[in-house]
Each structure stands twice: as C-alpha cells, then as structure tokens.
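**Student:** please work out how this folds:
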Amino acid sequence: MKQIALSGLALAAMMAAGAGGYWVGDRGIALPDTFELLGGRSAAAEATVQRSGPVIYYGDPDGRPVYSAVPRRADDGREFVAVQASEDVSFDRTATASADAAAPAGSEAVGPRRILYYRNPMGLADTSPVPKKDSMGMDYIAVYEGEDTGGSVVRISAGRLQQTGVRTEVAMRQPVGRPVLVPGTVQLDERRIAVVATRSDAFIEKVANVTTGDRVTIGQSLIRLYSPEIAAAAAQYLTELKIDTGSARLGGARQRLENLGVPTGMIAEIERTRRVPLTVTWTAPRDGIVLERNVAEGMKAATGDVLFRLADIGTVWVLADVPEYELGSIRIGARATVRVRSQAGMRFEGQVSLIYPEVSMETRTTRVRIEISNPDGVLLPNMYAEVEIASGGAEPVVTVSDSAVIDTGTRQVVILDRGEGRFEPREVTIGRRGRGLVEIRDGVNQGDRVVVSANFLIDAESNLKAALSTMAAPEVVR
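**Tutor:** Numbers count the residues shown, from 1 in each chain. You can find the predicted model right below:
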C-alpha cells in the first residue's frame, strides 16, 4: 500500500497542484518551508543522500515552495526535481520499507516484510489491523515486522536524517574538569610574621630611620636601648669570664643574657672586649616590610611591648570563599589561578593548601587557602582577587558532550546510534561536568556512538512509539 506521511496542508497543496494543472505553482502560492520539510534540497545536498524508492512528487529546481504531482518544467526549461521515498521527511517508516522493496535482485536487502498493524498518522493512540484513513483522509502508517519489538528502538530514513541534521560522536575516556570561579582576598602568610619586642623594661635611645611600609632585611639595625636588667646580667657574665672562662660558659649568666633576648653578636662582643655595654642594639629578625612601628626615641618600653611588626611577603595567601555546594569538587593540591585588579592581564599560579573546617553561617561558604609566590611584592595584603580553582580528577572517565544528554530533571537520557538508521534511548547516570563534557558513570560504554544533535526529535519519536505500544495492543495481521 502506497503511503506518504504528509501534513494535511501539504498533501492538499500537492494534490491541488496535480489535479489543477499546477495551479499552486502557476499562482505562486507559497507554503512556508514545506518543500524543505518534505524532502526538497539543493543538488549538493541530494548527492549526500542515497536515493531509492518510488517518486512521490516533484519540486522546483531552485528549492522554491512550488510542487507538482507529475513531471513538469520550470519557466526557464529546467525539469522539476524528483523526490523519492527515501528522501521524504516524515515520522513513518514507509520510505525505509519502499527502499527495501526497491532493492535490486541479488543484493543483501531483506525481502518483503510482514505488516503487523497500522498506526494513526497523527500520533494518536489508535491502531488498526487493516489499512484505513483518519478523519482528514490521511492513510494510517504501516508498522512492519521487526520494527515493533516492544522496545524503544526507532528507525529513521536516510532522507529524514539528512534533513533533521542528526550528528553523532563516539563516547571517549578523558579527564573531566570544571573551573570554580570564586572571590578572594590576599592575606599575609601567618608563618612569615615576626615582632620585635623586649623581654625586660628598657629605655629607647635611638630608632633607625624606618617607618611603616618600609622594607627591611634580616640583621638590619632597628633600635638601640638601655635595659638595667640586661646591664646587670652582662656585668655578672663578665665577672664569671674573669674568674674562669670554662666555668663561665657553663654558668647561668650567659644563659640569662640569652633569655633576655640579647643578640648573640652582643654576647660575643662582651667576651671579646671584656666590657659591659651601656646599650644594646636590636636588629630585624627577618626580611620583610614594616607593618607597625610603635616606638619613639626616649620612650620607656615595658616588658613584652611590641616595638616593630614585620612581615615577609615573598609568599602570600589568597583566601577564597567557596560556596558550600562546590566543596565536593575542591581538593587539596588543586591548581588555582589568581587575578587582581591592579595587575591587569597578569595571572598568579598557586595551589590549594588548606580547606578550612568551617562553613560560614551568614554566607554558607567555606574558606579555601591558596599559597601564591610573590617575589616582586605586587600582591599586597587585603587586595581583592578573582580566583579560578581547577576541579575534577585527572583520571580519565567515560564522557560525552553536554548536548548528548537529555535531562528531564528526574532522569537523564542519551540516544545511542545502533547503525542503519536505528536509534535507542538509554537512561544513564551522570557524574561531573566540565569543559563541555559530562561524565557517564552508567549506561554508556567507551566507543558507543551517541547522538549530539537533534536528539530531542528522536527521543520524542521513541516516547510516541512506547506510548502506542502500551496504550493500544495491536492485532497481528496474518
């Protein structure tokens, strides 16, 4: 039985063209996009489709929406293009059946197949064991043996594949990564901060010419002070030196000087000169910048007073605020890229050294610490930073493109290409996403070919077939 799955409007237009002396074409009546939907295409596109089956209509050679049911010529003398069954774009499988029937003898094509039943051309849950027409006069679509397996596999003709733009690709094993973009601030490395303080009461006699923000080097002189307690300990040490050098090294006077924080160089000078110094010079304990200067000449400093606060900014921390829902993708040692507004175009590379074990109640974020090398000192404390943290593992996993996954919210589906125009929806379990890829944990294997374009159309066809199979049990024609 000859079947052409066309919309009511397109079928009526074609029949009018055949019966009325090409009335549609001569009058220039345009059916928007109809020619393209029914199989009309350029010569270049035709060459990519295997043409087979009977001629079902003729289209304008320039692709205009002008059609004819019989051969005809355009105004310039060129013949209309014949559209065969395999090129017809429809949801039925008549084109495939016609192509099989038209296969030459001796080929590997399967012989005539048995018709199981006929289904409604508009997709309604209505089947018939014998040929019939619907209320619009459209033929019911034959379902052949082997096409209705009770599953969700659907067949699509080569012409329809060409027109709908179905594209496929192979599932591959590769790492999946996705950058986490979060804000952060530059902070000092707590391990690189030092203070200059006295361990006894003292009077400040001289302060070096350094102020807050200046850079100092280890051993650089900062202050000169007089401390009665240090002077007394030095005098006792000198007495022990005069009595016996050996016992002096074992006595408590030297240890007392060290406990008071007297520099080793000053103790060596006492041993060399055998004199008690009136003042002691305090030096910088490390390289860095002066964060605080709390000292002035002539002032009295009490025990434990902080006179200078220094920090080494050769390495700094960037504290990034990562949302709670992103914590699962962050790992210790992950690479991180930091950008600051004051250094446009510059990128600072580091890695995650710590994920703080606390979530903020107000912002629902967790701080992540990133260590950044800062040899030029361009990163300053409290700078705002834009942080990009690499997430995901480095191990390869089975992946497909983002566009291959149909996500309904409750389930995820991928369309598998079984070859020869057969497609099967497959429910999958997905994992991480990143760089346009989705990890497939279950449902798809490496090497499977999946649909990445027009997969919604195939899924709709599969759902329609499943609905028809469950809502109406067909009677088998014998």
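**Student:** the stretch 51-200 of the chain: strands as residue ranges?
**Tutor:** Counting by DSSP state E, counting those that start in this stretch, the stretch 51-200 of the chain has strands at residues 55-59, 67-68, 81-84, 115-119, 127-128, 141-144, 154-155, 167-170, 172-174, 178-188, 193-197.
**Student:** meant to ask about the stretch 301-450 of the chain, not that
**Tutor:** Remark: strands assigned in the stretch 301-450 of the chain by DSSP E, counting those that start in this stretch are 306-311, 315-323, 335-340, 348-355, 365-373, 384-391, 397-401, 405-407, 412-419, 422-434, 437-442, 449-453.
**Student:** among the ones you listed, which comes closest to residue 271?
**Tutor:** The closest of the strands of the stretch 301-450 of the chain to residue 271 is strand 306-311. By CB to CB, the value is 26.8 Å. For the C-beta atoms, the positions are set from N, CA and C on the backbone; glycine is no exception.
**Student:** where does pLDDT dip in the stretch 151-300 of the chain?
**Tutor:** 151-152, 156-161, 244-251 (pLDDT under 70).
**Student:** cool, the stretch 1-150 of the chain as well?
**Tutor:** Regions of the stretch 1-150 of the chain meeting the criterion pLDDT under 70 cover residues 1-53, 65, 85-113, 122-125, 145-150.
**Student:** measure residue 213 to residue 377 for me?
**Tutor:** According to CB to CB, to the nearest Å, residue 213 and residue 377 sit 11 Å apart.
**Student:** is residue 272 in a helix, a strand, or coil?
**Tutor:** Here residue 272 is recorded as helix under DSSP: H, G, I helix; E, B strand; the rest coil.
**Student:** how close does it sit to residue 227?
**Tutor:** Taking CB to CB as the measure, residue 272 falls 21 Å from residue 227.
**Student:** tell me which of the two has more neighbours.
**Tutor:** Using other CB atoms under 10 Å as the criterion, residue 272 and residue 227 rank with residue 227 on top: 22 against 8.
**Student:** hang on, the more buried one packs against residue 205?
**Tutor:** No - judged on CB atoms under 8 Å, residue 227 makes no contact with residue 205 at a distance of 10.6 Å.
**Student:** and this structure, what are its domains?
**Tutor:** Domain assignment of the chain by automatic domain parsing yields the ranges 1-116+131-151, 167-176+395-453, 180-189+313-391, 199-304.
**Student:** now do the shortest one: distance from first to last residue.
**Tutor:** Put plainly, it is domain 167-176+395-453. Its start and end residues considered, domain 167-176+395-453 measures 5 Å (CA to CA, to the nearest Å).
**Student:** contacts only, for residue 218.
**Tutor:** For residue 218, the contact set (CB atoms under 8 Å, 6 or more residues apart in numbering) comprises 283, 284, 285, 286, 287.
**Student:** from residue 415, how far off is the closest residue to residue 447 other than its chain neighbours?
**Tutor:** Nearest non-adjacent residue to residue 447, counting by CB to CB, 6 or more residues apart in numbering: residue 170, 6.1 Å away. For residue 170, the distance to residue 415 equals 14 Å [CB to CB].
**Student:** what touches both of these two?
**Tutor:** Common neighbours of residue 170 and residue 415 are listed as residue 450 (criterion: CB under 8 Å, 6+ apart).
**Student:** so which of the two has more stuff around it?
**Tutor:** Counted by other CB under 10 Å, residue 170 and residue 415 do not tie: residue 415 has more neighbours, with 27 against 11.
**Student:** quick check, pLDDT for that one.
**Tutor:** Residue 415 is assigned a pLDDT of 86 by the prediction.
**Student:** for it, list each beta-bridge partner.
**Tutor:** For residue 415, the beta-bridge partners under DSSP bridges are residue 425.
**Student:** correct me if wrong: it contacts residue 450.
**Tutor:** Yes - under the criterion of CB under 8 Å, residue 415 makes contact with residue 450 at 6.4 Å.
**Student:** what do the two both touch?
**Tutor:** In contact with both residue 415 and residue 450: residue 404, using CB under 8 Å, 6+ apart.
**Student:** give me the number of residues near residue 121?
**Tutor:** By the criterion of other CB under 10 Å, residue 121 has 23 neighbours.
**Student:** so what's the residue count around the closest residue to it other than its chain neighbours?
**Tutor:** Closest residue to residue 121 apart from its sequence neighbours, by CB to CB, 6+ apart: residue 138 at 4.6 Å. Using other CB under 10 Å, residue 138 has 18 neighbouring residues.
**Student:** and residue 75, by the same measure?
**Tutor:** For residue 75, the neighbour count with other CB under 10 Å is 7.
**Student:** from residue 71, how far off is residue 382?
**Tutor:** The value you get for residue 382 to residue 71, if CB to CB is used, is 82 Å.
**Student:** which residues are in contact with the most centrally placed residue in the chain?
**Tutor:** The residue lying closest to the centre of the chain (CA atoms, centre = their mean) is residue 434, at 2.4 Å. If you count contacts by CB under 8 Å, 6+ apart, residue 434 has them with 176, 177, 178, 179, 391, 392.
**Student:** for the fifth one, grab the count of nearby residues.
**Tutor:** As a burial measure, the neighbour count of residue 391 was computed by other CB under 10 Å and equals 20.
**Student:** show me the contacts for it.
**Tutor:** Residue 391 makes contacts with 177, 178, 179, 180, 326, 329, 330, 331, 334, 432, 434, as judged by CB under 8 Å, 6+ apart.
**Student:** list the contacts of the closest residue to it other than its chain neighbours.
**Tutor:** Leaving aside its sequence neighbours, residue 391 sits nearest to residue 329 (CB to CB, 6+ apart; 3.7 Å). Residues near residue 329 by CB under 8 Å, 6+ apart: 178, 180, 391, 392, 432.
**Student:** so the residue nearest to the centre of the chain bridges to which residues?
**Tutor:** Bridge pairing for residue 434 - DSSP bridges - gives residue 437.
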